[in-house]
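Participant: Sequence first, predicted model second:
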Amino acid sequence: MTEILSQDEIDALLTAVSSGESVPSEPAHGGPARTPGAPATKREKKRLKVYDFRRPDKFSKDQIRTLQMMHETFARLTTTSLSAQLRTLVHVHVVSVDQLTYEEFTRSIPSPTTLGIINMDPLKGSSVVELDPSITFAIIDRLFGGKGESLKANRELTDIELSVIEGIIVRLLGNLRESWANVIDLRPRLGNIETNPQFAQIVPPNSMVVLTTFDTKVGDVEGMMNFCIPYITIEPIISKLSAQYWYSSIRKGITTENLNLIKEQIADVPIEIVVKLSETILKFNEIAAIQEGDVIRLSDPTKSDVEILIGDGIKFKGKPGVVGKKRAIQIKEVLSTITEDMLQDILMGEED
């Protein structure tokens, strides 16, 4: 049965359309209609979210962000190491960190491609490192003495080419271990290299994985590199994948062993030492009148001990003299020594 609207109802509809508000609908069971501008009921405020039980989310947003920060470190290390090895400009950076099924990952990569099966010891299970064919052949061409050009037609790798790429992946695993050091002492090992995604079934197709995608550029050739980790592999340390734990682990890394390593690395660094013989006070007109050959009288006698500065701090006291034909300073007193606690305070201050 057709219902005729009153003039007031027509005016209300026109007002709602012009103001962008939702048009009032006829309530069920003959209840009162909501007028434009009236507050929404509790039922109307509820918003539904689609949830697919076939691919449930396993990682929280905080865990995804932590994985992204870890792999950004891996990208920086890889950029440096590959640039040095290939002797060309290499740039690697994280594009995305997503969670999806393993089947979706295998369908998204080309065939043939380069798939490295990685043993994630001490974690149980494996992961996959995938190199885009364009990047693979650019690396091979560069290592074989070329300009780093990619092939126009994709093909499988020869035995020699597989051996070369194996060395590259092993180098990447060293960077991976270092980037994960704040969470776990990972010891990744390369198992084997596959070219067909169908032969790299490390988990069931519907298993959830976290996929980190890197945009990789070797010279003028650009492509993608993927690092796929199944949830069942990373599950034992899932609680450690938080930004709070990651940052706290970085601070815990300042140990006596690390301090000794820092001391060893800076042992041969040249440092400028300044000897402060004495000082005096001059008037401005006296300074303006100074000419070459003039003698400035100092306030302290030259036979007294002098201060020896390293940077802005007084480190030693000594006595000036001559050794052979060279001027020298004899150390008579050590005013301060740098302890491990002082060095740790310096390092903590740099982090803050």
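Facilitator: Received the coordinates, thanks. Residues are numbered from 1 along each chain as shown.
Participant: what's in contact with the helix or strand hosting residue 166?
Facilitator: If you go by DSSP states H and E, residue 166 is part of helix 159-179. With contact meaning Cβ atoms under 8 Å, 6 or more residues apart in numbering, helix 159-179 is reached by 70-71, 73-74, 77-78, 81-82, 85, 114, 116, 118, 129, 131, 136, 139-140, 143-144, 157, 186-190, 193, 227. For the C-beta atoms, the positions are set from N, CA and C on the backbone; glycine is no exception.
Participant: what do you get if the cut-off is 6 Å, keeping everything else the same?
Facilitator: Residues outside helix 159-179 that contact it (Cβ atoms under 6 Å, 6 or more residues apart in numbering) are 70, 73-74, 77-78, 81, 114, 116, 139-140, 143, 186, 188, 190, 193.
Participant: so which of those comes closest to residue 237?
Facilitator: The closest of the contacts of helix 159-179 to residue 237 turns out to be residue 186 (Cβ to Cβ; 9.4 Å).
Participant: residue contacts, the closest one?
Facilitator: Contacts of residue 186 (Cβ under 6 Å, 6+ apart): 177, 180.
Participant: what do you get if the cut-off is 7 Å, keeping everything else the same?
Facilitator: 120, 176, 177, 180 (Cβ atoms under 7 Å, 6 or more residues apart in numbering).
Participant: And it, what's its pLDDT?
Facilitator: Looking at residue 186, its pLDDT stands at 90.
Participant: State the three-state secondary structure for it.
Facilitator: coil (DSSP: H, G, I helix; E, B strand; the rest coil).
Participant: What separation do you get for it and residue 58?
Facilitator: 20 Å (Cβ to Cβ, to the nearest Å).
Participant: try residue 185
Facilitator: Taking Cβ to Cβ, one finds residue 185 at 23 Å from residue 58.
Participant: which one of these two has more residues nearby?
Facilitator: Between residue 185 and residue 58, counted using other Cβ atoms under 10 Å, the more crowded position is residue 58 (17 against 9).
Participant: Settle this for me: the more buried one is touching residue 229, isn't it.
Facilitator: No. Here residue 58 does not reach residue 229: they are 11.0 Å apart, not a contact under Cβ atoms under 7 Å.
Participant: measure residue 152 to residue 133 for me?
Facilitator: 11 Å.
Participant: Could you check which of the two has the larger neighbour count?
Facilitator: Using other Cβ under 10 Å, the more surrounded residue of residue 152 and residue 133 is residue 133, with 22 against 7.
Participant: quick one: the helices in the stretch 251-352 of the chain?
Facilitator: 256-265, 284-288, 340-351 (DSSP state H, counting those that start in this stretch).
Participant: I'd like to know which of those helices has the weakest mean confidence.
Facilitator: helix 340-351 - the lowest mean pLDDT of these, at a mean of 54.
Participant: Mark which of the contacts of helix 159-179 are part of strands, please.
Facilitator: 114, 116, 190, 193 (DSSP state E).
Participant: Quick check: the two most widely separated of those residues?
Facilitator: Every pair of those checked by Cβ to Cβ; the farthest is 114 and 190, at 11.7 Å.
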